[in-house]
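[1] A predicted structure for the sequence below; I have some questions about it.
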Amino acid sequence: MTVTVPGPTLGVVGGGQLGRMLAEAAAPLGVEVVVLDPTPDCPAAPVARDQVVGDFDDPDAFDDLAARTDAVTFEIELADSDLLNRVAADHGVSVNPAPETLSTIEDKLVQKRTLADAGVSVPPFRRVDDADDLRSAVAEFGSVMLKARTGGYDGRGNVPVSDPDEAENAMAAVGGPAMAEAFVDFARELSVIAVQGDSEVRTFPAGENVHEAEILRETVLPARTTDEILERAEDVARDVLDTLSGRGVFGVELFETTEGAVQVNEVAPRPHNSGHWTIEGARTSQFEQHVRAVLGWPLGSTRLRCPTVMTNVLGTVEESQPARLSNVEAVLEDPGASLHWYGKDAVRPLRKMGHVTVTGEGDGGTHSLLEHARDLREELQFETTDG
């Protein structure tokens, strides 16, 4: 394989913050990016070469994207896997991760069955089609997390259920066929960003994730657990990649149980929010790794540079409206902090608008770093505007 610069043009289905950061990472490699997204002037548009405006199931838009690029990937599970298969065949472009992997991942029940059948440790689960099924699941597992099989993210589509009398309302909330998963008595939540290259797999060190209301708030590196658990987490992530096809970055969310086991929560076939720390905290970011991997190029180092904490900047306004972020000097003046703004046109309650990463020095502990990251985040304020 010969790699030259300038390189090929990469098509990305999805132009949100992940598409934006993929384009930012691709540029230094001489790779231009064209994104496909239904929102004109999407967050990735300012940094990508161009945008195809179209829905994630628009055949003409997919044809346009494939005709203008040498390889195609996706940053959102709403991408139509059948269309990805077709453009790969019709236009002769590589599509990674493989469309069949997307088909497996986008349905949480199919995802869990695939992992369980491969011997990967997952929490007990069962299919739920109606309220009676859900009541049976509660009777079998006790408290459960009811998950919409498709379309859920950032806590949307997830409903905790512990009382059979809650079944009707819970099913109405998820809005269709679902999966019930037994609540896990976990010590902490972890994630591993794993990379499937052309002929090798590399894993970043496991991060510790702090959630509130089902939304990721912080990721802490190194994770505050034992070396044995960290090693096991990376092994489980590699087992997950053995069950899936195609090159690219995969976010593997995990539970460390109170009994010391590691179980898979969910898998994302793309760069992941819990991997944003890699931009400042690792030798090679997850976004550069994804670009390298989907193009079949050599992978970069996954080594942790230093203790690192990433904290999400979430919308705090009461309803969707244009706004800007103020007090950013609190972050910019901090020598160990970095601000990432996603360029979204409106702020909504709990919408991910950006993130702040704080890096430490040497082998120091992460607790004080986490508190510092939280303090910086609290300094940031949203001011509504007229657009």
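    The structure has been received and is ready for your questions.
[2] how near is the residue nearest the centre of the chain to residue 212?
    Taking Cα atoms, centre = their mean, the centroid of the chain lies closest to residue 272, which sits 2.4 Å from it. From residue 272 across to residue 212, the span is 18 Å (Cβ to Cβ, to the nearest Å). C-beta coordinates here come from the backbone N, C-alpha and C atoms, glycine included.
[3] on that earlier part again, could you list every residue that touches the residue nearest to the centre of the chain?
    Counting by Cβ atoms under 8 Å, 6 or more residues apart in numbering, residue 272 touches 191, 193, 249-251, 253, 286.
[4] Those in strands, which ones?
    Of the contacts of residue 272, the ones assigned to strands by DSSP state E are 191, 193, 249-251, 253.
[5] most neighbours, which of those residues?
    Most neighbours among the ones in strands among the contacts of residue 272, by other Cβ atoms under 10 Å: residue 249, with 32 neighbours.
[6] pLDDT value on that one, please?
    Listed pLDDT for residue 249 reads 98.
[7] give me the beta-bridge partners of it?
    residue 195 (DSSP bridges).
[8] Identify the residues contacting it.
    Residues in contact with residue 249 (Cβ under 8 Å, 6+ apart) are 193-195, 270-272, 275, 286-287, 289-290, 293.
[9] ok, 10 Å please
    Residues near residue 249 by Cβ atoms under 10 Å, 6 or more residues apart in numbering: 18, 22, 73, 97, 193-196, 202, 204, 268-272, 275, 278, 285-294, 299.
[10] again, but for residue 281
    Contacts of residue 281 by Cβ under 10 Å, 6+ apart are 204-205, 207, 219, 221, 275, 303-310, 338, 357-360.
[11] and if we set it to 7 Å?
    By Cβ atoms under 7 Å, 6 or more residues apart in numbering, the residues touching residue 281 are 221, 304-306, 308, 357, 359.
[12] Among the residues you listed, which ones are in strands?
    221, 308, 357, 359.
[13] Got the confidence number for the residue nearest to the centre of the chain?
    pLDDT at residue 272 comes out at 98.
[14] Output stretch 48-60 as PDB, nothing but the C-alphas.
    Output of stretch 48-60 as PDB, limited to C-alpha atoms (Å, rounded to 0.1, in the frame of the first residue of the first chain):
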ATOM      1  CA  ALA A  48     -15.600  20.200   5.200                       C
ATOM      2  CA  ARG A  49     -14.900  20.700   1.500                       C
ATOM      3  CA  ASP A  50     -18.600  20.600   0.700                       C
ATOM      4  CA  GLN A  51     -22.000  19.300   1.800                       C
ATOM      5  CA  VAL A  52     -24.600  17.300   0.000                       C
ATOM      6  CA  VAL A  53     -28.000  18.300   1.500                       C
ATOM      7  CA  GLY A  54     -30.200  15.300   1.700                       C
ATOM      8  CA  ASP A  55     -31.900  12.900   4.100                       C
ATOM      9  CA  PHE A  56     -30.100   9.900   5.400                       C
ATOM     10  CA  ASP A  57     -32.300   7.600   3.300                       C
ATOM     11  CA  ASP A  58     -32.300   9.800   0.100                       C
ATOM     12  CA  PRO A  59     -31.000   7.600  -2.900                       C
ATOM     13  CA  ASP A  60     -30.100  10.600  -5.000                       C
END
